[in-house]
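J.: test case, fold it:
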Amino acid sequence: SPRNHRIIKSETTRAQSMATQVKVEAPENNEGEAAVAGPRQRQRKRVKPDMPWEDPNVDKWHIEPVTAENPLPPPLEESSFAVLFPKYREKYIRECWPLVTKTLKSYGLACELNLLEGSMTVKTTRKTFDPYIIIKARDMIKLLSRSFSVEKASRILEDNMYCDIIKIKNLVRNREKFVKRRERLIGVNGCTLKAIELVTDCYVMVQGNTVSAMGSIKGLKSVRKLVQDCMKNVHPIYNIKTLMIKKELQKDDKMKGENWERFLPKFKKKNVKRKKKKIKEKKEYTPFPPSQPLRKIDHQLETGEYFLSQEEKRAKSKAERSAKKQKELAKKRKKRADELVPKKKQKTGGGGEEAKRKKSTGESARALAEKLKGKKVAKKKKKAKLDVSEYVAS
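T.: Numbers count the residues shown, from 1 in each chain. Model (predicted):
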């Protein structure tokens with residue numbers, strides 16, 4: 001058949017091509033025998049070309065900055081973000097808006113201020129050369145609405161600057177405690193807040209129910225931890241002290257690979273005594289309302305005073321007043337009489353050496369007095385018995 005004929009023809013042509021291949025003389029071995037040359041041995045070794053990332057002089061982690069000279073392609077679609085601002089910030093934002101427009105225009109962004117709605121909007125344009133700058137611009141207007149100045153807020157557009165907004169409203173339930181701990185975060189004349197900024201290298205702003213921070217990622221983490229601990233009743237000074245020690249240890253090259261825990265302070269928790277809350281005893285539930293209190297007329301009806309005449313009422317009130325007066329007079333007389341009565345002296349036990357001596361000898365004061373009298377009488381008798389002739393020379 002024509003099909004079989006075609007197959008046989010293709011096989012004969014393949015055999016002829018293999019027979020006509022150029023034979024390469026094989027090199028001789030050490031023993032003088034010619035080695036058999038094969039198609040695999042005839043293949044050359046491929047040399048792997050050097051790749052640019054394998055070069056040791058190239059920094060793999062370096063990110064080239066996106067600038068107007070080194071731009072990325074513009075976005076295909078428009079992206080926009082809007083942020084609301086409070087009423088008290090309206091005056092400042094209106095004054096500084098030309099500066100905001102000028103700053104964002106240099107990055108190829110457009111902005112819009114709506115005073116009726118109280119909102120700020122940022123948009124991308126065909127001139128935008130960095131696609132991520134719209135996120136940075138959103139953070140900028142967000143910080144402007146949270147009492148940051150334009151000079152500080154515009155720094156967020158830099159590459160190594162980030163922001164974090166910490167919500168502190170729901171961390172403390174009691175309003176009084178919340179206000180007290182928020183003031184503790186600021187400190188006297190803003191001293192604590194200034195110390196936090198110096199230690200963490202971040203801008204920090206406490207506004208209402210939030211704390212806004214702007215700086216490096218490492219600094220923002222430490223600010224968040226410090227703020228959350230402050231709301232959990234841990235004074236900021238403890239965290240500031242720890243961060244100061246860490247900052248000093250970072251300067252020393254020898255301490256890079258060592259554990260720093262032995263240098264960091266360890267603060268013990270103190271249990272502060274608190275007032276015990278009085279537990280009110282729950283009354284038994286009754287579906288019936290309490291009985292209505294008696295009126296004045298009802299009391300008079302019970303006692304029978306309601307049926308008395310006016311003269312009888314006057315006489316009764318007069319008798320009550322006189323009885324009350326008599327009681328008060330009796331109390332005063334008794335008080336005066338008590339003042340005139342002499343107070344009884346309390347017997348106090350004698351102490352000291354004299355009491356010990358009395359106990360040891362068992363002698364009373366009267367016996368001692370008699371003894372002394374007896375000695376004096378004996379001396380007088382002795383003087384009377386003396387013979388003068390003994391002392392006079394014969």
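J.: only C-alpha atoms for contact and neighbour calcs from this point on.
T.: Noted.
J.: the helix or strand where Lys331 lies packs against which elements?
T.: In the assignment (DSSP states H and E), Lys331 maps to helix 310-340. The contact analysis (3 or more C-alpha pairs under 8 Å, 6 or more residues apart in numbering; DSSP states H and E) places helix 310-340 against no helix or strand.
J.: give the rounded mean pLDDT of that helix.
T.: Mean per-residue pLDDT for helix 310-340: 90.
J.: and for stretch 254-261?
T.: The model assigns stretch 254-261 a mean pLDDT of 85.
J.: quote the end-to-end distance of it.
T.: End-to-end span of stretch 254-261 (C-alpha to C-alpha, to the nearest Å): 15 Å.
J.: residues in contact with that stretch: which ones?
T.: Lys246, Leu249, Gln250 (C-alpha atoms under 8 Å, 6 or more residues apart in numbering).
J.: what's near enough to touch Thr103?
T.: Ser154.
J.: redo that, cut-off 10 Å
T.: Trp97, Leu109, Ala110, Ala137, Val150, Ser154, Leu157 (C-alpha atoms under 10 Å, 6 or more residues apart in numbering).
J.: all helices of the stretch 101-250 of the chain, in order?
T.: For the stretch 101-250 of the chain, the helices defined by DSSP state H, counting those that start in this stretch occupy 133-144, 150-153, 175-186, 191-200, 217-231, 236-251.
J.: give the buried residues for the second one.
T.: Put plainly, it is helix 150-153. Val150, Ala153 (16 or more other C-alpha atoms under 10 Å).
J.: then stretch 201-219?
T.: For stretch 201-219, by 16+ other C-alpha under 10 Å, it's 201-206, 211-216, 219.
J.: what's the end-to-end length of that stretch?
T.: Stretch 201-219 end-to-end distance (C-alpha to C-alpha) = 6 Å.
J.: and the closest residue to Met205 other than its chain neighbours, what are its bridge partners?
T.: Closest residue in space to Met205, ignoring its immediate chain neighbours: Ser212 at 5.1 Å, by C-alpha to C-alpha, 6 or more residues apart in numbering. Here Ser212 sits in beta bridges with Ile165, Met205, as judged by DSSP bridges.
J.: wait, Ser212 touches Val206, no?
T.: Yes - counting by C-alpha atoms under 10 Å, Ser212 does reach Val206; the two are 6.4 Å apart.
J.: closest one to Pro74 among the helices of the stretch 101-250 of the chain?
T.: helix 133-144 (11.7 Å; C-alpha to C-alpha).
J.: based on its surroundings, how many neighbours for Ser147?
T.: 19 (other C-alpha atoms under 10 Å).
J.: residues in contact with it?
T.: So Ser147 contacts Phe85, Pro86, Tyr88, Arg89, Tyr92, Ile93, Ala153, Met205, Val206, Gln207, Ser212 (C-alpha under 10 Å, 6+ apart).
J.: among these, which one lies nearest to Pro75?
T.: For the contacts of Ser147, the residue nearest Pro75 by C-alpha to C-alpha is Ala153; the value is 24.7 Å.
J.: identify the residues contacting the residue nearest to that closest one when sequence neighbours are not counted.
T.: Setting aside the residues directly before and after it, Ala153 is nearest to Met140 in space (C-alpha to C-alpha, 6+ apart), at 5.4 Å. Contact partners of Met140, counting by C-alpha under 10 Å, 6+ apart, are 100, 104, 122, 134, 148, 150, 152-157, 162-163.
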